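# Here you go, sequence then predicted model.
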Amino acid sequence: MDFQHSQASHCESGVMSAMLRHHGLPLSEPMTFGLSSALSFAYLPIIKINGLPLVAYRMPPKAIIKGLQKPLGLKMRFETFGSQAAGIARLNELLDQGKLVGLQTSVFWLPYLPEDLRFHFNAHNVLAFGREASGDYLLSDPVAETTVSCPAADLQRARFAKGALAPKGLLYYPLGTPQTPDWHKVLPAAIQKTTRIMLDAPLPIIGVRGIRWLARAIEKLDAGSGAAHSKMFIGQVVRMQEEIGTGGGGFRFIYASFLQEAADLLNRPALGELAEQLIDIGDEWREFALATARMIRDRDPLQPPKLAAKLRAVADREHCFFRDLRRAA
Amino acid sequence: MLDSEVPQEGNSTLGGHRKAMYARGSDGKLHIVQSAGWEVEEIVTKQAVDDLLRLTEDARQRVLAGQTSPLEYHMYRVRMDVPLLAQASGIWQWRIRRHFRPPIFTGLSTSLLTTYADAMGISVEQLKKAD
């Protein structure tokens, strides 16, 4: 298959960007991210990962794939499988037809990824574009520099991993051809949706209020006898910010890039100025990460209230930013 | 972040991979820059990896002391905990904890051992030993 791989900073937006380009609609990674209103913030103390709460800087998995359907007039077909044999057979059938297929996988079972990053995270997206004579699959993992080949047994484990967000063999591909949308209609709508998520969410743990809620939780952390647990907690916040391919700054930079593109397409310089503000906010997230890492390594004394204050400052800035963005859109 | 500020200090947890980040170029536009890694990320990733290694080693010592079964050791070695192993194997958490008791683990049926081994991607022979 004639397929062109390009490295992206986040798996789901990268997969969709490559898939749309393959089907004749060149859309940048930031554009797929922004157009599907994927930017967010959520602090979910009820959902635990290895005993630590989930912190997310974007919408839940599959939001990008599903969110692009409406603006692009695109129908995505999703298939999950009750039996592993059926899932394997279907993937092979689609690849034999020359289709490019998106897959949901668990990071832990993908042998080509660096050992230290292979945790049990079940919502990693990759593209399959062929099979070698040996039966190994040819994959385009958006966060990898080049295409990779993956033994069939490993891919099977990755596709049928159990646990939270279990993929159940999920594969997906577009039906029909994506169309260039009417930018003047879809871009303001997508931006409005993001401002609604960040400012008007009905739950106090979502959006800007979620950042403040997290600040409160960090403030209460024990710097004395419970320091080890406190360090795991704040480390988790930063891991979620950087680790799972955010392009740094918890997806703020990638969204700023989307705003720059939107400013050009709509001929609205105000969006470009807002992108500048968001880049500054992304840098502030990075400073928070740096301060946290220094405390984890005891280069600075562990002072949870100091980190909470930094988070509140970010929350204030994001509050103003999304209010201005709402007006500009 | 300017593209000249993209961290290139290296990150051992990336195993030589480079990752893509968005940074501002001289024209003011954001574009993708490859990063060799940021120390901050290395610190927080290592923190999680080291914590699992600590749990694994601790379990190994307890297996040698006869206080737990190799099941607990392998569970941590493949970066799982009891809730995740329960989901992966379909065995209830209280049963898994019971199987951490060495005398009970020794008496487990082959089919139960196979279920555990499959969930963790190892062989039954491996599962019986903590090494």
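Received the coordinates, thanks. Numbers count the residues shown, from 1 in each chain, chains lettered A, B, ... in the order given.
# pull the CA atoms of stretch B:18-38 into PDB?
Coordinates of each C-alpha in stretch B:18-38 appear next as PDB, following Å, rounded to 0.1, in the frame of the first residue of the first chain:
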ATOM      1  CA  ARG B  18      12.600  11.000  19.900                       C
ATOM      2  CA  LYS B  19       9.200  12.500  20.400                       C
ATOM      3  CA  ALA B  20       7.400  15.200  18.500                       C
ATOM      4  CA  MET B  21       6.400  18.400  20.200                       C
ATOM      5  CA  TYR B  22       4.900  21.700  19.100                       C
ATOM      6  CA  ALA B  23       7.100  24.800  19.400                       C
ATOM      7  CA  ARG B  24       7.200  28.300  18.000                       C
ATOM      8  CA  GLY B  25       9.500  29.000  15.100                       C
ATOM      9  CA  SER B  26      11.100  32.300  14.100                       C
ATOM     10  CA  ASP B  27       8.000  33.100  11.900                       C
ATOM     11  CA  GLY B  28       5.800  33.000  15.100                       C
ATOM     12  CA  LYS B  29       4.000  29.800  13.900                       C
ATOM     13  CA  LEU B  30       4.000  26.600  15.900                       C
ATOM     14  CA  HIS B  31       5.400  23.600  14.200                       C
ATOM     15  CA  ILE B  32       6.600  20.100  15.100                       C
ATOM     16  CA  VAL B  33      10.100  19.700  16.500                       C
ATOM     17  CA  GLN B  34      11.700  16.400  17.600                       C
ATOM     18  CA  SER B  35      12.700  16.300  21.200                       C
ATOM     19  CA  ALA B  36      15.400  13.900  22.500                       C
ATOM     20  CA  GLY B  37      13.700  14.200  25.900                       C
ATOM     21  CA  TRP B  38      13.200  16.400  29.000                       C
END
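# Can you give the contact residues for it?
With contacts defined as CB atoms under 8 Å, 6 or more residues apart in numbering or on different chains, stretch B:18-38 is touched by A:7-9, A:29-30, A:143, A:145, A:242, A:245, A:247-248, A:253-254, A:256-257, A:260, A:275, A:279, B:1-3, B:5-14. Every C-beta, even on glycine, is put in place using the N, C-alpha and C of the backbone.
# what mean pLDDT does that stretch have?
The average of the pLDDT scores along stretch B:18-38 is 92.
# Ok, stretch A:318-325 next?
pLDDT averaged over stretch A:318-325 gives 97.
# Run through the bridge partners of the residue nearest to B:Asp3 when sequence neighbours are not counted.
In space, and not counting its chain neighbours, B:Asp3 is closest to B:Ala23: 4.1 Å by CB to CB, 6 or more residues apart in numbering or on different chains. Counting by DSSP bridges, B:Ala23 is bridged to B:His31.
# Tally up the residues packed near B:Ala23, please.
23 (other CB atoms under 10 Å in any protein chain shown).
# And B:Glu5, by the same measure?
Neighbour count of B:Glu5, defined by other CB under 10 Å: 12.
# and the gap between it and B:Ala36?
In this view, B:Glu5 and B:Ala36 are 13 Å apart by CB to CB, to the nearest Å.
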